[in-house]
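K.L.:
Give the three-dimensional model of this entry:
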Amino acid sequence: MQFADLHTHTIYSDGVLTPEELLVKALKCNLAAISITDHDAVEGCRIAIPLAKKFKLEFVTGIEFSCYEDSKEYHILGYAFDIENEELNRQLVEFRKGRELRAVKIVEKLKHLNVDIPFEFVLEKAGKAPIARPHIAEALLERGYIKHRKEAFANYIGDGGPCYEPKLNFTVKKGIELINDCGGVAVLAHPGTNIDSSTLFKFIKYGLDGIETIHPSHSAALQKHYQSIAHQYWLLETGGSDFHGNRDYDEENFGKSVVPFSTVESINYHKRLTFE
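P.N.:
Here you go, the predicted structure:
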């Protein structure tokens, strides 16, 4: 069988590999297809598309939106959409501005706790990516305020922490609609990490196209649970390693938390049925 990893990240969000390095890694793991799903960004996809053709690797355009519902954050994956869509790119500019403003507020809150991280240093950690909390965690680590990145979230910037600041309020319904308007399919990411049944069924009513059933955080029992729901509601099943390159379990999961190549074919078939 051939396999695909449909959940990965690069330096264009909070990953550590370039798109080319990630594609080379996929080839070494004998993957037949891959998707780059950077947070609120498509630059990695733009770079990867011609490289994937060169490497003879099937590439699926992807993104991971951070959305909010009832003051909780949920992630919506988008696949096989037009990355040059005008409304999409306008929204991504707004996301980037919102992330910068959020980071400024977090840095100010840290200062009130006598944790002095210059905003310029956080920008340096983010590099080409929209600023995210892991970049602030990296800055805290390098300045010696913490000994491990996890401490940044546990002590300062995690949800509900003293320096937490919410992102731009972009609803799950808007995320699904934007992906669909770009000709793509919308999939709920890693539902086993933070979602109850009633919320999941509400999102399905919003128009979800699929559920990420395979994810490193899902036990075998959870996989079967979400597969059952997907079958019941005629939803796509997707999955991947959620590879970033800077997490303890990344190397263990890359090339193993995968889905059959037929998943890519199912995504394309779903697109044809829906949009053509």
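K.L.:
Wait, a strand at residue 238?
P.N.:
Yes: with DSSP: H, G, I helix; E, B strand; the rest coil as the criterion, residue 238 is part of a strand.
K.L.:
wait, what's in contact with it?
P.N.:
Listed by Cβ atoms under 8 Å, 6 or more residues apart in numbering, the contact set of residue 238 reads 6-7, 77, 79, 187, 210-214, 259, 263, 267. Using the backbone N, CA and C atoms, a C-beta is placed for each residue, glycine as well.
K.L.:
what pairs with it across the strands?
P.N.:
residue 212 (DSSP bridges).
K.L.:
any idea which residue sits dead centre in the chain?
P.N.:
residue 64 (3.6 Å; Cα atoms, centre = their mean).
K.L.:
Can you name the element that comes right after the longest strand that the chain contains?
P.N.:
For the chain, the longest strand by residue count, based on DSSP state E, is strand 58-69. Using DSSP states H and E, the helix or strand that follows strand 58-69 in sequence is strand 72-79.
K.L.:
So what are the sheet partners of that following strand and their directions?
P.N.:
Paired strands of strand 72-79, with direction, are strand 58-69 (antiparallel), strand 185-188 (antiparallel) (DSSP bridges).
K.L.:
tell me the angle the helix or strand immediately after it in the chain makes with strand 72-79.
P.N.:
Once the chain leaves strand 72-79, the next helix or strand it forms, by DSSP H and E, is helix 86-112. With axes from the mean of the first three to the mean of the last three Cα atoms, to 10 degrees defining the directions, helix 86-112 sits at 140 degrees from strand 72-79.
K.L.:
got the angle for the least confident helix or strand in the chain by mean pLDDT vs strand 58-69?
P.N.:
The least trusted helix or strand in the chain, going by mean pLDDT, DSSP states H and E, turns out to be helix 262-275, with a mean of 90. Between helix 262-275 and strand 58-69, the angle comes out at 70 degrees (the same axes, to 10 degrees).
K.L.:
helices and strands around helix 262-275, which ones?
P.N.:
With contacts taken as 3 or more Cβ pairs under 8 Å, 6 or more residues apart in numbering; DSSP states H and E, helix 262-275 sits against strand 58-69, strand 185-188, strand 236-239.
K.L.:
what's the distance between the longest strand of the chain and the middle of its chain?
P.N.:
Its chain's average C-alpha position is 6 Å from that of strand 58-69, according to Cα atoms, centre = their mean, to the nearest Å.
K.L.:
Equivalent analysis for stretch 196-207, please.
P.N.:
Distance of stretch 196-207 from the chain centroid (Cα atoms, centre = their mean) equals 19 Å.
K.L.:
list the buried ones in that stretch?
P.N.:
For stretch 196-207, the neighbour count (16 or more other Cβ atoms under 10 Å) marks 199, 200, 202, 203, 204, 206 as buried.
K.L.:
Which ones among these map onto helices?
P.N.:
Among the buried residues of stretch 196-207, the ones falling in helices (DSSP state H) are 199, 200, 202, 203, 204, 206.
K.L.:
The fourth one and residue 136: what is the separation?
P.N.:
So the one you mean is residue 203. Note on residue 203: its distance to residue 136, by Cβ to Cβ, to the nearest Å, is 29 Å.
K.L.:
and the strands paired with strand 72-79, which is most packed in?
P.N.:
Greatest average neighbour count among those goes to strand 185-188 (a mean of 27), per mean count of other Cβ atoms under 10 Å.
K.L.:
what sits up against stretch 147-161?
P.N.:
The contact list for stretch 147-161 (Cβ under 8 Å, 6+ apart) reads 73, 106, 110, 113, 115, 133-134, 136-138, 140-141, 146, 162-164, 246.
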